[in-house]
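J.: Whatever this is, show me its structure:
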Amino acid sequence: MSFFTPNNLQSVTSGRWLKRGDDQFLLHGVGIDTRSDLTNKAYFAIRGQQYDGHDFLGDAVAAGAKMLFVDRDIDDGVLAHDVSIVKVSDSVTALGRMARAYRQTLNSTKVIAITGSAGKTTTKRLIEAVLSGSLRGTAAPRSFNNNIGLPLSILRAEPKDNYLILEIGANTPGEIAHLSEIAMPDIAVITMIGRSHLEGFGTVENVAREKASMLLFLKRGGLRVLHADSPELARCIKAPGKCVTFGESSDADIRLTDREVGASKKGEVSWFEVNGRFRYQLSLPGRHNAINALAAIAVGRRFGVSDETMSNALGQVDPVAMRFEKTCIGKVDVYNDTYNANPDSVIAALETFAELKPRRRRRVIALGDMLELGDKCEELHREIGRYILDNESRLKIDFVVTVGKHAAYIADELAVKWPAKRIASFRKGNKDTLALLSSQLRDGGAVLLKGSRGVGLDKLVGRLKKTLDLSTKMKKPAKQGKRKKKT
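T.: Numbering: from 1, shown residues only. Down below sits the predicted model:
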């Protein structure tokens, strides 16, 4: 019997029929967006901060949906459509119940769940690259790591898949455990533990406990892949059960022992060495990404993938959008790392920028607010300013722009030692910010943009590309007329 029949979906969500159609009709998955193709799918009407999915039930039917899940009363016009309709207590909860029930049917699929303070999405991409060459499977799209994205990712899996890669995130206590109970991972990966979402968790120790709660729902005989350089995870590493640790610590099972940055047709590329033995290629820049790749190697070995296959795959991985994503505009290299930011990821971005562009004649960074840091917000922003000053000879930064009221603390720290001509601070990323950045880069160089998504630096990146591209075109010399042939 197929899982995706209306009768079964009504049962696993504990809903009640508002309208009952063909019980044996085979649905082709679920969706929540009426702008997408919902042909023969079940549509979940979810209420968000800006939109209510119940307002688009007619659009869902027009997009091809054959079953609707709602958690409020609906009008007679919707009932008139040729669809099955189920009312549940809460649409998001019902979506999670459905995903948990479906997960239990995936007997041939190994579920890999990834959490951590930073590097989740990139590690997911690296693991997918390592496995996809020889195995069949799916991975969560983009950053589908919350109580809506994770169930949708599970419900995309095929019964014959060898693997399913999920990402699990959290802003407040209890979220990781709730999502892990739905996912029931066979392999649990925890990347670095850092100072993220402190507004919700208070301390790094609480962050570690939240992330480690995923291990409580690891299936019997499962594998834990844990970051060895995060001391807050030490208690979890000592717990009984199969465990592989990765990082730079001397006692890590999979240890980064050497690495080097080079170049290829894809841009910057490096190799890194594991345990003083095998060298792997890696197309993503930065020491932190080499460490993320160690986690992918641990998972790949669990599936029996050879070192040579993993090396080739890691050498071809494309960067995730807005995670140190590079764009070349004329003589300017623009690095977009604006998806999110916390103190540890900002430092990693600064180090990577310095490593990639040690000889660029003009090096500019634009730093936006790091959000959700709670009462440590000012202190941690000032820490970034002091870090830049303490490592100035190595970072070699010519100019710093800060965007946001919290990022201004970075500028305040820099102003203690730097002249005003090397610093600029803006409350928002506006046309003045754009004009200043463009003027600093007009004659070439490299710029790194790093900040939390809520600051909107990602929008500034797009405008900067247009401005620099226009500037480059204006500098091109006029075409010469054709020379006459001598006779």
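
J.: Now the residue nearest the centre of the chain, what are its backbone angles?
T.: In the chain, the C-alpha nearest the mean C-alpha coordinate belongs to residue 121, at 3.4 Å (CA atoms, centre = their mean). Dihedral pair for residue 121: phi -70, psi -40, per degrees, to the nearest 10.

J.: Touching, it and residue 320? I think so.
T.: Yes. Counting by CB atoms under 8 Å, residue 121 touches residue 320, with 5.2 Å between them. The way it works is simple: take the backbone N, C-alpha and C, and place the C-beta from them, glycine included.

J.: Need the overlap of contacts for the two.
T.: residue 339 (CB atoms under 8 Å, 6 or more residues apart in numbering).

J.: What strands line up against the helix or strand hosting residue 279, and which way round?
T.: Taking DSSP states H and E as the definition, one finds residue 279 inside strand 278-282. On the basis of DSSP bridges, the sheet neighbours of strand 278-282 come out as strand 267-274 (antiparallel).

J.: list the buried ones in stretch 124-137?
T.: If you call a residue buried by 16 or more other CB atoms under 10 Å, then stretch 124-137 has these buried ones: 124-132, 137.

J.: out of those, which one sits closest to residue 464?
T.: Nearest to residue 464 among these: residue 125, at 25.1 Å, using CB to CB.

J.: got the phi/psi numbers for the closest one?
T.: Taking degrees, to the nearest 10 as the convention, residue 125 sits at phi -60, psi -40.

J.: which residues touch the strand ranked longest in the chain?
T.: Under DSSP state E, the strand in the chain containing the largest number of residues is strand 254-264. For strand 254-264, contacts defined as CB under 8 Å, 6+ apart pick out 228, 244-249, 268-276, 279, 283, 285, 287, 290-291, 294, 297-298, 355-356.

J.: ok, of these, which come out buried?
T.: The buried subset of the contacts of strand 254-264 - by 16+ other CB under 10 Å - is 228, 244-247, 268-274, 283, 285, 287, 290-291, 294, 297-298, 355-356.

J.: and the angle for the strand holding residue 279 with strand 254-264?
T.: With axes from the mean of the first three to the mean of the last three CA atoms, to 10 degrees applied, the angle from strand 278-282 to strand 254-264 works out at 50 degrees.

J.: got the buried residues for strand 278-282?
T.: Under 16+ other CB under 10 Å, the buried positions of strand 278-282 are 280-282.

J.: Mind checking what secondary structure residue 333 has?
T.: Put simply, residue 333 is strand when judged by DSSP: H, G, I helix; E, B strand; the rest coil.

J.: what are the phi and psi values for residue 171?
T.: Torsion angles, degrees, to the nearest 10, at residue 171: phi -110, psi -20.

J.: That one contacts residue 372, correct?
T.: Yes. Proximity of residue 171 to residue 372 meets the contact threshold set by CB under 8 Å, at 7.0 Å.

J.: what about these two, which has more around it?
T.: When residue 171 and residue 372 are compared for neighbours, residue 372 comes out ahead with 18 against 13, by other CB atoms under 10 Å.

J.: Distance check, that one against residue 233.
T.: 21 Å (CB to CB, to the nearest Å).

J.: what's the answer for residue 425, then?
T.: From residue 425 to residue 233 the distance is 37 Å (CB to CB).

J.: Next: residue 240.
T.: Computed with CB to CB, the distance linking residue 240 and residue 233 is 15 Å.
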